[in-house]
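>>> Next one to model:
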Amino acid sequence: MLNTQLISGVMIDWDKISSGSYLREIPAIRGIEHISFSHPVTFFVGENGSGKSTLLEAIAVSYGFNPEGGTRNYSFSTYDSHSELYRAIRLSKGVRRAAYGYFLRAESFYNVATKEEEYSRGPGGRPQHFHEKSHGESFLALAQNSFRANGLYLLDEPEAALSPQRQLTLLMEIDRCVKEGSQFIIVTHSPILLGFPGAEILSFDDDPIHPCKYEETDSYYVMSMFINNREQILHRLLSEGEKSV
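Predicted structure coming up:
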């Protein structure tokens, strides 16, 4: 079956990674040579430090995005923190070419917003005034104004600034773009975003990277357990906390 995604896969050449690199010690990705993307929406899930953002960042930089985020036209550096993994990555691109794209990193969005203000002062610029909005409003404005048809969007924890209601709005924006031929690869802990219908979920827990079902994710399991057993869980956690003081 023909893969129609904008990025159909990622290949990693470990010979291009230095022998002492910490990348070789990340259980989820060490030894992985190929990852396929066959769905318009792919989620990376897993515990903090499991390698999700590291891989997404490497894909983004290999594709030509600025390491701190933005479109492929953004070129600035506040602090170089990206790993060498992008040098070892080769992307398999589909039969279609992306007309647009965006790499969103929650942790460096302030820097991107600052540069957006600077870039927009040029000829033909359309300032979005992100700094005049709340963090959540800025995130949502970015999605509503910058996500377009036939685009590639790499999002690193987009839920960080969004309320549950705004996460539902983001789901609607993702659905709109998917119906117009776009592809998303998203790192998230949000059980709301993970519920997007038809998405593939790749778990970085219990190495190596592997597909899992929505109900198998920790995000779903912990949230469901807490909502259904809130009083018992809080009593147990807080009681244990008192004993340890």
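>>> Which positions in stretch 139-147 come out as buried?
With burial defined by 16 or more other C-beta atoms under 10 Å, the residues of stretch 139-147 counted as buried are 139-140, 142-143, 146-147. (C-beta placed from N, C-alpha, C; glycine too.)
>>> for these, which one is nearest residue 168?
For these, the residue nearest residue 168 by C-beta to C-beta is residue 140; the value is 10.9 Å.
>>> Test my guess that the closest one contacts residue 167.
No - Residue 140 is not in contact with residue 167 according to C-beta atoms under 8 Å; the separation is 9.6 Å.
>>> show me where this protein has helices.
Using DSSP state H, the helices of the chain run over 52-63, 109-119, 135-146, 164-179, 218-228, 230-244.
>>> orientation of the fifth one relative to helix 230-244 in degrees?
Which is helix 218-228. Helix 218-228 runs at 100 degrees relative to helix 230-244, counting by axes from the mean of the first three to the mean of the last three C-alpha atoms, to 10 degrees.
>>> in helix 218-228, what counts as buried?
Those would be 219-220, 223, for helix 218-228 by 16+ other C-beta under 10 Å.
>>> which residue packs closest to residue 72, ignoring adjacent ones?
residue 64 (4.7 Å; C-beta to C-beta, 6 or more residues apart in numbering).
>>> what's the burial count for that neighbour?
12 (other C-beta atoms under 10 Å).
>>> ok, now the one 5 residues further on?
Counted with other C-beta under 10 Å, residues neighbouring residue 69 total 26.
>>> try residue 164
10.
>>> Single out the most deeply packed of the helices of the chain.
helix 52-63 (a mean of 22; mean count of other C-beta atoms under 10 Å).
>>> Adding distance to residue 20 and mean pLDDT, write the helices of the chain out as CSV.
Compiled in CSV, the helices of the chain are given as follows (distance: least, C-beta to C-beta, whole Å; pLDDT from 0 to 100):
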stretch, distance to residue 20, mean pLDDT
helix 52-63, 16, 94
helix 109-119, 30, 57
helix 135-146, 37, 76
helix 164-179, 39, 95
helix 218-228, 31, 95
helix 230-244, 37, 82
